[in-house]
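# here are the coordinates; sequence isn't available:
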């Protein structure tokens, strides 16, 4: 599928870019991504392979990158996917995650004809749980959670983590609290953790 852009009200969902008009690489590097070019290429590959549909969360007046949101581990045959989202630490507390996730879910259930979208987070992430409840997601048992059969274009299944130095208290995304000891590469679309996680599901 060719990438599409979404007007999410106060935010504009577009593709990550590295061109003469908009170049997100410096911002991604500042957020902790060690190889912005590879990250952008991986996001583009997901669209082309129909396995992941991701967007940069942008401020409409300036185009400034505020985070990312998307659907990953997409299985069109079963109609399942996983939601991913991260928001820059200085932008948290404004309801960004809830707004953009709602728009992406509508795209998934409408344009992609998905039936269910899951995401998971550590049980201690109460902020994530609050946003999930606000959006009408319902908790599911771990055994019922969607387990992707394909890897993400970047080579690993997403666990909805954030790059080093970012933390969003309003993102229902399984965000981990980083202490600077883990590299950005390890926090970007890393494999699902083995620890206990709360999984939520939105259904069409």
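It's in. Worth saying up front: this structure is predicted, and the values here are computed from it rather than measured.

# what distance separates stretch 28-36 from the centre of its chain?
16 Å (C-alpha atoms, centre = their mean, to the nearest Å).

# Could you do stretch 81-96 as well?
Worked out by C-alpha atoms, centre = their mean, stretch 81-96 lies 8 Å from the chain centre.

# One more: stretch 123-143?
15 Å.

# ditto for stretch 122-130
Worked out by C-alpha atoms, centre = their mean, stretch 122-130 lies 16 Å from the chain centre.

# got it, and stretch 105-113?
For stretch 105-113, the distance to the chain centre is 15 Å (C-alpha atoms, centre = their mean).

# Give the rounded mean pLDDT of that stretch.
Averaged over stretch 105-113, pLDDT sits at 96.

# Next: stretch 59-73.
Per-residue scores along stretch 59-73 average to 94.

# Stretch 84-99 now?
Averaging pLDDT residue by residue across stretch 84-99 gives 91.

# which SS state does the residue of the chain positioned farthest from its centre fall under?
For the chain, the largest distance from the centre (C-alpha atoms, centre = their mean) belongs to residue 20, which lies 25.6 Å off. Under DSSP: H, G, I helix; E, B strand; the rest coil, residue 20 falls in the coil class.

# Tell me the gap between stretch 113-131 and the middle of its chain.
11 Å.

# May I ask which helix or strand of the protein has the lowest mean pLDDT?
Least confident element among the helices and strands of the chain, by mean pLDDT, DSSP states H and E: helix 184-187 (a mean of 29).

# after that helix comes which helix or strand?
strand 198-203 (DSSP states H and E).

# And that next one, what does it pack against?
Judged by 3 or more C-beta pairs under 8 Å, 6 or more residues apart in numbering; DSSP states H and E, strand 198-203 is in contact with strand 116-121, helix 126-135, strand 138-140. C-betas here are computed from N, CA, C, even on glycine.

# Give me the buried positions along that strand.
198, 199, 200, 201, 202 (16 or more other C-beta atoms under 10 Å).

# quick one: the first one and residue 124 touch, right?
No. Here residue 198 does not reach residue 124: they are 9.2 Å apart, not a contact under C-beta atoms under 8 Å.

# ok, back up a step: save the helices and strands packed on strand 198-203 as CSV, and put in mean pLDDT, distance to residue 84 and mean neighbour count too.
Shown next, in CSV, are those (pLDDT from 0 to 100; distance: least, C-beta to C-beta, whole Å; neighbours: other C-beta atoms under 10 Å):
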stretch, mean pLDDT, distance to residue 84, mean neighbour count
strand 116-121, 89, 7, 24
helix 126-135, 85, 12, 18
strand 138-140, 92, 17, 13
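
# Tabulate these (JSON lines), appending distance to residue 88.
Formatted as JSON lines, the helices and strands packed on strand 198-203 follow (distance: least, C-beta to C-beta, whole Å):
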{"stretch": "strand 116-121", "distance to residue 88": "18"}
{"stretch": "helix 126-135", "distance to residue 88": "15"}
{"stretch": "strand 138-140", "distance to residue 88": "28"}
